[in-house]
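>>> what's the 3D shape of this:
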Amino acid sequence: MNVHPQPELRNHTLIVTVSSEDGRPVLDRRAYESLAKTFHEAAADDEVRVVLLRGLAGCFCLGGDFSEFLDAAKHQQLIAAVTDMFRTLATFPKPVLACVDGDAVGVGCTILFHCDMVIASSESTFRVPFVDFGLVPDAATSILAPQKLGYAGAFRFFCLGDTLGVEDAKALGLVAEIVADGSVEDAALGRARQLVKKPVAALLQTRGLLKGDTGALCDRIDQEISLFQQALQDDTTLKRLQRIARLAA
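Prediction:
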């Protein structure tokens, strides 16, 4: 049964929910494929001027689907879907906002580095436990995280695997605004309304200049995915992932 909320176009803002098709706060192969398709279509649709990413109620996203990591038969399709989604996101030409209310873990956090603004509730947390799992980060965050957080902040966040509260995330630059009272989604939609009123060409050109060359991001995405795939073929890493999956069950 598909219980995943469908993308909703509201006043030139496309609202996209980050979750699996069966309503879990994780990204599996089908979710990656769906996100890539949505972004491809949004890039070509003149009615879409801003994309707003949101999670399910009380949780933004808990990361990738562990069952797919542990099933070698699924790796090829998974890697292809992940690569396409992140390349699409890295080269997307329009503003992307995110409203985070709750936990953003793993890929649920690295996706935020491609957003132009992250607006979060005071209860939100951020964690990227890739190294703890025996994996490397994804989504070109090995480039984007040092740019946004500084090298020391990125090293601590990714290599120590510390959980960041929202205040620390804002201090480092991952979060742009904190909503202490009221709806995070309403606050993010307010920012989206501001953006859709701007002259379209000037907004897109300015964003493109700020983003710079995205080719390096795509090259790094490919490099990270290659290392990620190698790690999934390592027996020690697989045993570690199996143990973590059992603890999470």
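>>> Do I have it right that Gly106 meets Leu62?
Yes: Gly106 is within contact range of Leu62, at 7.2 Å (criterion: C-beta atoms under 8 Å). Where C-beta positions appear, they are placed from N, C-alpha and C, glycine not excepted.
>>> who touches the nearest residue to Arg127 once chain neighbours are set aside in this structure?
Excluding the flanking residues, the one nearest Arg127 by C-beta to C-beta, 6 or more residues apart in numbering is Thr163, at 4.5 Å. Thr163 sits next to Thr125, Phe126, Arg127 when contact means C-beta atoms under 8 Å, 6 or more residues apart in numbering.
>>> so where do the strands sit in the protein?
In the chain, strands defined by DSSP state E lie at 8-10, 13-17, 50-54, 96-100, 103-105, 117-121, 125-127, 164-165, 177-179, listed in chain order.
>>> Would you mind putting these into JSON lines with mean pLDDT and distance to Ala44 alongside?
Output for the strands of the chain, formatted as JSON lines (pLDDT from 0 to 100; distance: least, C-beta to C-beta, whole Å):
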{"stretch": "strand 8-10", "mean pLDDT": "97", "distance to Ala44": "14"}
{"stretch": "strand 13-17", "mean pLDDT": "98", "distance to Ala44": "12"}
{"stretch": "strand 50-54", "mean pLDDT": "98", "distance to Ala44": "13"}
{"stretch": "strand 96-100", "mean pLDDT": "98", "distance to Ala44": "16"}
{"stretch": "strand 103-105", "mean pLDDT": "97", "distance to Ala44": "28"}
{"stretch": "strand 117-121", "mean pLDDT": "98", "distance to Ala44": "23"}
{"stretch": "strand 125-127", "mean pLDDT": "98", "distance to Ala44": "32"}
{"stretch": "strand 164-165", "mean pLDDT": "96", "distance to Ala44": "35"}
{"stretch": "strand 177-179", "mean pLDDT": "98", "distance to Ala44": "30"}
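>>> Thank you kindly, that will do.
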